[in-house]
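[1] Dropping the sequence and predicted coords here.
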Amino acid sequence: MMTRGASRMTRVVMGHMGPRYFSTTIIRNDAGTGVTGAGLLHGFPASSSEKGVVTRARHFSVMGSRSASTMALNDKQQEKDSDKKVENGAAAASGGDGGDEKSVVSYWGVQPSKVTKPDGTEWKWNCFRPWETYEADMSIDLTKHHAPVTFLDKFAYWTVKALRYPTDIFFQRRYGCRAMMLETVAAVPGMVGGMLLHCKSLRRFEQSGGWIKALLEEAENERMHLMTFMEVAKPKWYERALVFTVQGVFFNAYFATYLLSPKLAHRIVGYLEEEAIHSYTEFLKELDKGNIENVPAPAIAIDYWRLPKDSTLRDVVLVVRADEAHHRDVNHFASDIHYQGQQLKDSPAPLGYH
Ligand SMILES: [Fe+2]
Ligand SMILES: [Fe+2]
């Protein structure tokens with residue numbers, strides 16, 4: 001932690017360094033000769049995309065001058081101008097009117113790419129792009145079950161069954177909330193498995209057979225389930241606290257399990273996914289009974305699963321359930337590969353679903 005003396009010293013140093021290294025005076029002088037400070041960095045006059053760099057420099061100047069507390073009157077005016085520009089840029093980034101000011105907040109002046117939907121309207125999601133959307137495989141067999149035979153299989157199966165009881169008691173029939181909370185857990189195994197395979201690939205100088213990508217795709221897909229359900233069920237403070245705790249425990253437990261026995265880890269996930277299919281089937285029953293309101297589908301879900309515009313929550317649950325069936329098959333397959341004494345890289349990963 002920075003001491004009070006160190007803080008004071010930082011303020012003094014910034015007071016001197018700020019104007020010297022980030023001064024707007026330099027920029028203005030250069031502008032007078034037709035070459036801006038940013039342009040000088042490249043040896044060319046600044047392009048419009050470099051305005052972001054110029055403004056960034058001005059903003060640093062403001063930070064330095066503010067700390068020095070000896071700001072001249074014209075510096076104060078510059079601060080107002082800079083703040084106004086940054087505000088305009090922020091408004092543009094958040095979808096407001098800003099025009100070219102978008103470059104103000106972009107990193108090194110790189111303009112964000114503009115993507116449109118097939119109907120010509122602007123693509124509003126930065127977390128995924130149109131080419132990452134897909135149509136869920138609704139023909140997938142939802143009833144498939146891997147019968148536990150070996151000791152490890154039975155251990156995995158009963159571990160998952162045991163975990164179901166506290167979740168049933170905690171959530172009762174609040175399936176929207178249950179789905180949202182369970183997705184915070186479901187998105188962990190793919191990331192842990194993908195990360196460990198990634199490190200293994202680096203350590204051993206070998207290909208992964210596509211399994212790193214497949215597992216990371218699973219993690220991302222599960223996270224998108226969460227991004228969808230949080231639109232229809234807002235977590236309460238104690239649910240957030242629960243997620244915090246469970247993630248800490250589950251991440252480490254799964255990490256250790258995957259290191260010790262990947263076949264057990266994948267089998268556990270396979271059974272977790274079987275439970276997820278069951279949960280979403282119960283969710284659908286509650287929707288059909290009218291116990292849960294069948295609200296319009298969140299916009300993010302319509303774009304992610306390429307659903308019709310008039311889709312409802314029921315349609316979303318159907319596609320999510322199909323995703324879970326896909327994860328079930330991927331993880332039981334991964335476990336089976338290990339059971340046959342092979343490594344995942346020896347069998348091509350089931351890529352291309354998402
Ligand atoms: Fe999920
Ligand atoms: Fe899943």
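    Noted; the coordinates are in hand. Ligands and ions are numbered 1, 2, ... in the order given.

[2] C-alpha only now, for contacts and for neighbours.
    Fine.

[3] where are the low-confidence patches of the stretch 51-200 of the chain?
    For the stretch 51-200 of the chain, applying pLDDT under 70 flags the ranges 51-107.

[4] where along it do the helices fall?
    51-68, 73-93, 102-105, 151-171, 175-204 (DSSP state H, counting those that start in this stretch).

[5] and the last one, what other elements does it pack with?
    Applying 3 or more Cα pairs under 8 Å, 6 or more residues apart in numbering; DSSP states H and E, we find helix 175-204 packed against helix 151-171, helix 211-229, helix 237-260, helix 262-289.

[6] Looking at these, which is nearest to G194?
    Closest approach to G194 among these (Cα to Cα): helix 211-229, 4.6 Å.

[7] Run through the neighbouring helices and strands of the closest one.
    Using 3+ Cα pairs under 8 Å, 6+ apart, the elements in contact with helix 211-229 are helix 175-204, helix 299-304.

[8] how much does it deviate in direction from helix 175-204?
    Put simply, helix 211-229 runs at 160 degrees to helix 175-204, going by axes from the mean of the first three to the mean of the last three Cα atoms, to 10 degrees.

[9] can I have helix 211-229 written out in PDB, keeping just the CAs?
    The C-alpha trace of helix 211-229 is given here as PDB (Å, rounded to 0.1, in the frame of the first residue of the first chain):
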ATOM      1  CA  TRP A 211      -9.900 -30.400 -27.800                       C
ATOM      2  CA  ILE A 212      -8.700 -27.100 -26.400                       C
ATOM      3  CA  LYS A 213     -11.000 -25.300 -28.800                       C
ATOM      4  CA  ALA A 214     -13.900 -27.700 -28.100                       C
ATOM      5  CA  LEU A 215     -13.700 -27.200 -24.300                       C
ATOM      6  CA  LEU A 216     -13.200 -23.400 -24.500                       C
ATOM      7  CA  GLU A 217     -16.300 -23.300 -26.900                       C
ATOM      8  CA  GLU A 218     -18.200 -25.200 -24.300                       C
ATOM      9  CA  ALA A 219     -17.200 -22.700 -21.600                       C
ATOM     10  CA  GLU A 220     -18.200 -19.800 -23.800                       C
ATOM     11  CA  ASN A 221     -21.500 -21.400 -24.700                       C
ATOM     12  CA  GLU A 222     -22.300 -22.000 -21.000                       C
ATOM     13  CA  ARG A 223     -21.400 -18.400 -20.200                       C
ATOM     14  CA  MET A 224     -23.800 -17.300 -23.000                       C
ATOM     15  CA  HIS A 225     -26.500 -19.300 -21.200                       C
ATOM     16  CA  LEU A 226     -25.800 -17.300 -18.100                       C
ATOM     17  CA  MET A 227     -25.800 -14.000 -20.100                       C
ATOM     18  CA  THR A 228     -29.200 -15.000 -21.400                       C
ATOM     19  CA  PHE A 229     -30.800 -16.100 -18.100                       C
END
